[in-house]
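Q: One predicted model, sequence on top.
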Amino acid sequence: MLNHKPLHLIIPFALAIFGAFILLPSHVTGEVAPITEMEDKLKNISEEEKEVLGKLFTITQKIEEMELEEARITEEINQLMIDIHNIELRIEEKQADYDQQLDIMEQFLVLYQRGGPASYLEILLNANDLTTFLKSINMIKDISKNVNELLESIEIAKQVLEEEKLNLEESLLVLEQKKEELQEPIRRQKELKKEQEDYLASLQENKIYYEQQLRNLEQLWADNQVIFSEIVYEISKIVGEGYFETSDLNLTFSFTGIRGHIKEETFNQMLQERSTLPETVFTFLPDKILIKVPEKHLELSGNFTMVEDSTVNFIAEEGTFYDMPLEKSSLEELFREGPLVINFKKMAEGNVIIDFSVTKVESQEGALTFEIKPIF
């Protein structure tokens with residue numbers, strides 16, 4: 001028989017569980033709220049404040065660039081130190097082999113000194129018959145051959161050892177050069193930090209306000225980099241999954257090849273329908289492409305460059321974040337996880353049944369044009 005629990009005990013328990021589920025989203029909201037609050041603060045600052053903050057943000061980006069350069073050179077130095085250690089171990093092994101061969105050679109020479117050429121002549125003269133005589137000659141030849149081979153092997157070992165030592169010297173010189181190179185980014189980094197501190201100090205009573213705003217901007221920028229990496233991956237994925245119809249590619253055939261173009265609105269509509277991330281809008285202009293993520297106040301301009309026979313990558317040349325200019329290193333950071341890729345073979349899959357290579361990709365007013373050449 002089932003054991004039915006009293007209703008007056010079940011109802012409070014159910015309400016407690018229901019209440020817990022209602023309270024769960026408040027944790028997520030608590031995480032998002034600071035970001036939203038920071039975005040609101042930055043949207044409402046004056047032009048004068050934006051100019052000050054822009055200068056501070058530029059210095060911050062340059063400091064980050066120097067830190068990345070320092071980290072890169074430090075990594076190279078560490079790898080060089082490992083290589084130098086490995087070379088030293090190889091030199092020790094080869095030195096041991098070389099010393100051993102010298103010992104063996106010394107033993108041969110001692111035996112040779114004891115016997116000398118007269119002993120070899122005596123052996124030949126004491127031969128009782130032709131067979132013994134010939135065997136004696138062969139034995140002497142073998143001894144001479146072994147001595148010569150040992151001398152050659154010692155000479156080779158010596159040359160190899162000298163080469164290894166030369167490699168070590170070269171590696172040590174490179175290491176010293178890398179350490180010297182490291183001093184410049186460290187020095188520049190200290191200068192930039194001092195410049196930023198001095199500039200903040202000059203703001204006097206507004207110093208604390210701008211420090212807070214700068215921290216907000218840095219936090220938003222870090223958040224933006226993560227999201228934009230996801231956007232780049234998603235766009236490359238959507239474009240390469242064969243969603244474009246033949247009519248979207250506007251293909252025209254001629255004796256010289258195949259031309260096509262994708263209209264700006266078609267491209268953006270495809271992304272809008274398929275993307276789950278903040279809206280990203282492409283604007284195709286003559287020899288320039290604009291990418292905007294309005295929600296994140298991010299704008300980039302650049303162009304596509306050919307990397308393979310059917311693939312192009314977007315290269316950002318300029319950009320702004322909350323209307324503040326982005327340094328080259330910051331633009332590169334946005335694509336650290338990988339480039340924004342358009343693979344025309346994947347895009348045209350099902351629409352063009354022949355194999356082809358892309359010979360030209362151009363941004364024009366309102367459309368991305370391309371030319372492809374059949375491969376037979």
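A: Sure, I can see it.

Q: Any figure for the gap between residue 340 and residue 199?
A: Distance, residue 340 to residue 199, using C-beta to C-beta, to the nearest Å: 35 Å. C-beta: built from backbone N, CA, C; applies to glycine.

Q: neighbour count winner among the two?
A: Shown here are residue 340 and residue 199; by other C-beta atoms under 10 Å, residue 340 has more neighbours (24 against 15).

Q: what pLDDT does that one get?
A: Confidence at residue 340, expressed as pLDDT, is 94.

Q: go on, the one 10 residues further on?
A: Taken from the predicted model, the pLDDT recorded for residue 350 is 68.

Q: Repeat that for residue 127.
A: Predicted confidence (pLDDT) for residue 127: 60.

Q: and if you look at residue 242?
A: pLDDT, residue 242: 80.

Q: With residue 224 instead?
A: The score at residue 224 is 91. That number is its pLDDT.

Q: How many neighbouring residues does it have?
A: Residue 224 has 19 neighbours, counted by other C-beta under 10 Å.

Q: could you say which helix or strand contains residue 372?
A: Taking DSSP states H and E as the definition, residue 372 sits inside strand 367-374.

Q: Pairing partners for that strand, with directions?
A: strand 258-263 (antiparallel), strand 356-364 (antiparallel) (DSSP bridges).

Q: And the ones you listed: which comes nearest residue 157?
A: Residue 157 lies closest, by C-beta to C-beta, to one member of the strands paired with strand 367-374: strand 356-364, at 52.8 Å.

Q: how about stretch 331-351: buried residues?
A: Using 16 or more other C-beta atoms under 10 Å as the burial criterion, the residues of stretch 331-351 that qualify are 331, 333-335, 339-348.

Q: And the furthest pair within those residues?
A: 333 and 348 (32.0 Å).

Q: contacting residues for residue 348?
A: Taking C-beta atoms under 8 Å, 6 or more residues apart in numbering as the criterion, residue 348 is in contact with 244, 249, 356, 372.

Q: which one of the residues you listed has the most neighbours?
A: That'd be residue 372 among the contacts of residue 348, by other C-beta under 10 Å, with 24 neighbours.

Q: give me the low-pLDDT residue ranges for the protein?
A: 1-35, 44, 101, 104-128, 130-147, 150, 350-353 (pLDDT under 70).

Q: Now for the contacts of residue 348: which two are most distant?
A: Spatially, the most separated pair among the contacts of residue 348 is 244 and 356, at 15.3 Å (C-beta to C-beta).

Q: Kindly list the longest helix within this structure.
A: helix 47-125 (DSSP state H).

Q: so what's residue 367 closest to, chain neighbours aside?
A: residue 261 (4.4 Å; C-beta to C-beta, 6 or more residues apart in numbering).

Q: Give me the neighbour count for residue 251.
A: So residue 251, with other C-beta under 10 Å, has 16 neighbours.

Q: Is it correct that it is in contact with residue 245?
A: No: if you go by C-beta atoms under 8 Å, residue 251 and residue 245 don't touch, sitting 10.8 Å apart.

Q: which residues of this protein fall in helices?
A: Along the chain, the stretches classed as helices by DSSP H are 7-43, 47-125, 130-202, 207-239, 246-249, 264-274, 328-334, 344-347.

Q: hey, C-alpha coordinates of the last one in PDB?
A: As requested, C-alpha coordinates have been extracted for helix 344-347 and formatted as PDB (Å, rounded to 0.1, in the frame of the first residue of the first chain):
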ATOM      1  CA  PHE A 344      33.900  30.500 -51.000                       C
ATOM      2  CA  LYS A 345      33.900  26.700 -51.800                       C
ATOM      3  CA  LYS A 346      31.900  26.000 -48.700                       C
ATOM      4  CA  MET A 347      29.700  29.100 -49.400                       C
END
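
Q: returning to what we had before: ok, of the buried residues of stretch 331-351, which one's closest to residue 60?
A: For the buried residues of stretch 331-351, the nearest to residue 60 is residue 333 (12.4 Å; C-beta to C-beta).

Q: Distance check, the residue nearest to residue 175 when sequence neighbours are not counted against residue 86.
A: Spatial nearest neighbour of residue 175, chain neighbours left out: residue 80 (4.8 Å); criterion: C-beta to C-beta, 6+ apart. In this view, residue 80 and residue 86 are 11 Å apart by C-beta to C-beta.

Q: any idea how far residue 156 is from residue 163?
A: Distance, residue 163 to residue 156, using C-beta to C-beta: 11 Å.

Q: Same question for residue 252.
A: In this view, residue 252 and residue 156 are 68 Å apart by C-beta to C-beta.

Q: What of residue 295?
A: Applying C-beta to C-beta, the value for residue 295 to residue 156 is 69 Å.

Q: what residue lies at the spatial centre of this protein?
A: residue 336 (6.7 Å; C-alpha atoms, centre = their mean).

Q: Mind listing the residues bridging to residue 316?
A: Residues in a beta bridge with residue 316, per DSSP bridges, are residue 302.

Q: Could you list the domains of this protein?
A: Following automatic domain parsing, the chain resolves into domains at 49-200, 218-374.

Q: rewinding a little: highest mean neighbour count out of the strands paired with strand 367-374?
A: Comparing the strands paired with strand 367-374 by mean neighbour count (mean count of other C-beta atoms under 10 Å), strand 258-263 comes out on top with a mean of 19.

Q: So what's the gap between it and the chain middle?
A: Mean-position distance between strand 258-263 and its chain equals 33 Å (C-alpha atoms, centre = their mean, to the nearest Å).

Q: Quick one: neighbours of residue 82, just the number.
A: 10.
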